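Asker: A structural model of the following input is requested.
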Amino acid sequence: MRIGFNPNKDKKNNKSNFFHQVIIPVYIPNEEGYFKDSFQILKYCLDSFIITSHTNTYLTVINNGSCEKVINYLENLYHKGVIHELVNTTNIGKLNAILKGCVGHNFDLITITDADVLFLSNWQEETYNVFKNFKKVGVVSPVPSSKVLKQFTSNIIIENLFSKKLKFTNVLNSNALKMFAHSIGNDSFYNDVHLRKNLTIEKQNVKVIVGAGHFVATYRGSIFKGIKQKFSAYSLGGNSEADLLDKPVLKNGLWRVSTENNYAYHMGNVIEPWMKETLKSTKLISNKKVNKPKLEEIKYSSMGLIFKDMIFGKLISIVPIWNLFLRFKGLTKDEANKY
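Answerer: Residues are numbered from 1 along each chain as shown. Below is the predicted model of the structure:
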């Protein structure tokens, strides 16, 4: 039986001051083996986020089947107001957890990040600067990589093929590349050319790296509004991340890029002394007013997308043609063969 009238019926929600959502899926089922250090690394991740993020940032954490110790820690942060939205679920897989985080919101910007990322000072400011200066950018990673320039970037390349602004330049922070390689257990991930040269595009004295990884990246929120995918069969890997995080950017006629300098670190699953030291030296962001970047709607044609991706994308991926492109944009013959 119902008595009376629900006072919230037909009442609009209050306007939110948040415009930037950060989604962190967390899966730490125990503290053994692979997950031995994961809880402390999660703490480093969240502590660095708290220190470096402005007050208009909305934090969503998806507890994806973690152990009771982790659940209690996250619930404590939620009750303190540090976490704005906490979703507890069984292990439904990383991508399904991300989908849960996107539902029911309408944010201009959405950062999707793994729970082993250490955020550095100015990661948001530098990300916004890229969106401000490059109107066609759809996603920005704060961790540059010289090895992602072929991943869903055919539209950037063809649109700037004959521009002198698109060229190989010197890597700004090779040590950050080495640290990432070490964090994934593969110190030889980048060869000597990768550590020296990266493909950049420049506008108004701002450079970005062509391509972006997706262990931490900030997307236009509009990208996820048109996604038809509601479920992923993979717990991790497969084609799930490409279908949800990579292809939609390209299909919206937008660019995948990274900041020129490094503004976050991948920690992996083993604690190392530099993590605590870096966190201690990270400056607390002031609560000054933050202006969100203006995101213009980018119009595109379906035929143009087909040509840029399916035709030009396949053409330039042919090894001899790709090597010619690399040389055309500034690499030597030997460098192109090693890139």
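Asker: okay, and for this structure, where does confidence drop off?
Answerer: 2, 4-14, 228-229, 231, 233-239, 286-288 (pLDDT under 70).
Asker: quick one, helices of the chain?
Answerer: 38-52, 68-80, 94-102, 123-133, 154-159, 174-183, 240-241, 247-251, 273-281, 302-306, 313-316, 319-328, 333-338 (DSSP state H).
Asker: Just list what the shortest one packs against, helices and strands only.
Answerer: Secondary-structure packing of helix 240-241 (3 or more Cβ pairs under 8 Å, 6 or more residues apart in numbering; DSSP states H and E): helix 94-102. Just so you know, the C-beta spots here come from the backbone N, C-alpha and C atoms, and that holds for glycine as well.
Asker: ok, back up a step: same list, the helices of the chain, but as a markdown table with mean neighbour count and distance to residue 197 please.
Answerer: Formatted as a markdown table, the helices of the chain follow (neighbours: other Cβ atoms under 10 Å; distance: least, Cβ to Cβ, whole Å):
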| stretch | mean neighbour count | distance to residue 197 |
| --- | --- | --- |
| helix 38-52 | 20 | 29 |
| helix 68-80 | 14 | 41 |
| helix 94-102 | 22 | 32 |
| helix 123-133 | 20 | 20 |
| helix 154-159 | 21 | 16 |
| helix 174-183 | 18 | 10 |
| helix 240-241 | 20 | 27 |
| helix 247-251 | 21 | 24 |
| helix 273-281 | 13 | 26 |
| helix 302-306 | 12 | 29 |
| helix 313-316 | 14 | 18 |
| helix 319-328 | 14 | 9 |
| helix 333-338 | 14 | 7 |
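Asker: With respect to residue 264, which of those lies nearest?
Answerer: helix 123-133 (5.7 Å; Cβ to Cβ).
Asker: Pull the contacting residues for the closest residue in space to residue 215 that isn't next to it in sequence.
Answerer: With sequence-adjacent residues excluded and distances taken as Cβ to Cβ, 6 or more residues apart in numbering, residue 215 is closest to residue 114, at 4.7 Å. By Cβ atoms under 8 Å, 6 or more residues apart in numbering, the residues touching residue 114 are 24, 25, 215, 216, 266.
Asker: Isn't the fourth one up against residue 117?
Answerer: Yes. Contact criterion Cβ atoms under 8 Å: residue 216 and residue 117 qualify, at 4.7 Å.
Asker: thinking again about what came up before, next up, phi/psi of the residue nearest to residue 215, please.
Answerer: Per-residue torsions, residue 114: phi -70, psi 160 (degrees, to the nearest 10).
Asker: quick one: it from residue 59, how far?
Answerer: Separation of residue 114 from residue 59 (Cβ to Cβ, to the nearest Å): 15 Å.
Asker: One more: residue 208?
Answerer: Distance, residue 208 to residue 59, using Cβ to Cβ: 26 Å.
Asker: Those two: who's more crowded?
Answerer: Taking neighbours as other Cβ atoms under 10 Å, residue 208 and residue 59 compare with residue 208 leading, 26 against 23.
Asker: nearest residue to the more buried one other than its sequence neighbours?
Answerer: Nearest one to residue 208, counting by Cβ to Cβ, 6+ apart, is residue 257 at 4.1 Å.
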